[in-house]
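1. Return atomic coordinates for the entry below.
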Amino acid sequence: MRTTLCCVPGALALGLLVLCSVGIDRGGPAPPLAVSARAVMPAAALPVQGHAASAGPHAGIRPLIVPRERWLADAETYHRDPIRYADRVRAVFIHHTDSPNGYDCADTPRIIRYLYAGQAGGKAWDDIGYNFLVDRCGTVYEGRAGGVERPVVGAHTQGFNQGTAGIAAIGTFTEGTPVPRAMTDAIAAVAAWKLGLAGVDPRSTVRLVSSNSQSRFKAGTGADFLAVSGHRDGYETFCPGLALMAELPSIRERAARLQGRG
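-> Purely as a prediction, here's the structure:
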């Protein structure tokens, strides 16, 4: 049975998170981290690796992104295999983390540390699976290591990690759950920027090839996806929840506007 019930109602306590990210083809709770999630490094201070120059007129603007060092701090780190890169990011997959919604945004770094400990520690993955995480206040965090500007291969959508980016909304967004506008705006901003680096319209359809038969498509099978898709589009799961799935059309439109498209 290949159904992943990672996006069911009733989030568990942080130490018992049921993780939504599924994708690597192959501990315990962390102490609180006293770092404000709203304290972000100015974009000019962050490393830029020159992809926008070749992205054309619809590259989009890089949003402020909290580097992973801010949430990782002095937490225990886990063995990581050599970082893998694709040639470009052609699509993004949206997730939710299936964790509580009523958190204080100042606690976001601690929540990400729990996710990291569960995936890289408890499940022995090579790193946290998501490339980016967004909290309910609209703060964007770097997830997986390798450089936010670069097309890092994540572990978020089994069969379709190559050439895509995973953006996780921190919370649980099952049917009827309000999705904060600040969160969807931030998701749209990340999608616009990452897809713009490859000249991809967020409203377009892209062709991806499955690398793993545990996805919705057998390995080697090509499938068409919207450039901004939900996790459930590529894998049998309820993620990112019906409420967040319902927001994807407006997220695509906002991302397209941020790229300067009519």
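
2. which residues sit in contact with the residue nearest to the spatial centre of the chain?
-> Note on the chain: the residue nearest the mean C-alpha position is I167, at 1.7 Å, using Cα atoms, centre = their mean. By Cβ atoms under 8 Å, 6 or more residues apart in numbering, the residues touching I167 are V92, F93, I94, H95, Y130, N131, F132, L133, V134, I187, V190, A191. Every C-beta, even on glycine, is put in place using the N, C-alpha and C of the backbone.

3. okay, those residues in JSON lines with neighbour count, secondary structure and pLDDT next?
-> Shown next, in JSON lines, are the contacts of I167 (neighbours: other Cβ atoms under 10 Å; DSSP: H, G, I helix; E, B strand; the rest coil; pLDDT from 0 to 100):
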{"residue": "V92", "neighbour count": "28", "secondary structure": "strand", "pLDDT": "98"}
{"residue": "F93", "neighbour count": "29", "secondary structure": "strand", "pLDDT": "98"}
{"residue": "I94", "neighbour count": "30", "secondary structure": "strand", "pLDDT": "98"}
{"residue": "H95", "neighbour count": "31", "secondary structure": "strand", "pLDDT": "98"}
{"residue": "Y130", "neighbour count": "31", "secondary structure": "coil", "pLDDT": "97"}
{"residue": "N131", "neighbour count": "29", "secondary structure": "coil", "pLDDT": "98"}
{"residue": "F132", "neighbour count": "26", "secondary structure": "strand", "pLDDT": "98"}
{"residue": "L133", "neighbour count": "27", "secondary structure": "strand", "pLDDT": "98"}
{"residue": "V134", "neighbour count": "28", "secondary structure": "strand", "pLDDT": "98"}
{"residue": "I187", "neighbour count": "29", "secondary structure": "helix", "pLDDT": "98"}
{"residue": "V190", "neighbour count": "26", "secondary structure": "helix", "pLDDT": "98"}
{"residue": "A191", "neighbour count": "30", "secondary structure": "helix", "pLDDT": "98"}
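
4. Closest one of these to I83?
-> Nearest to I83 out of the contacts of I167 is N131 (Cβ to Cβ; 11.6 Å).
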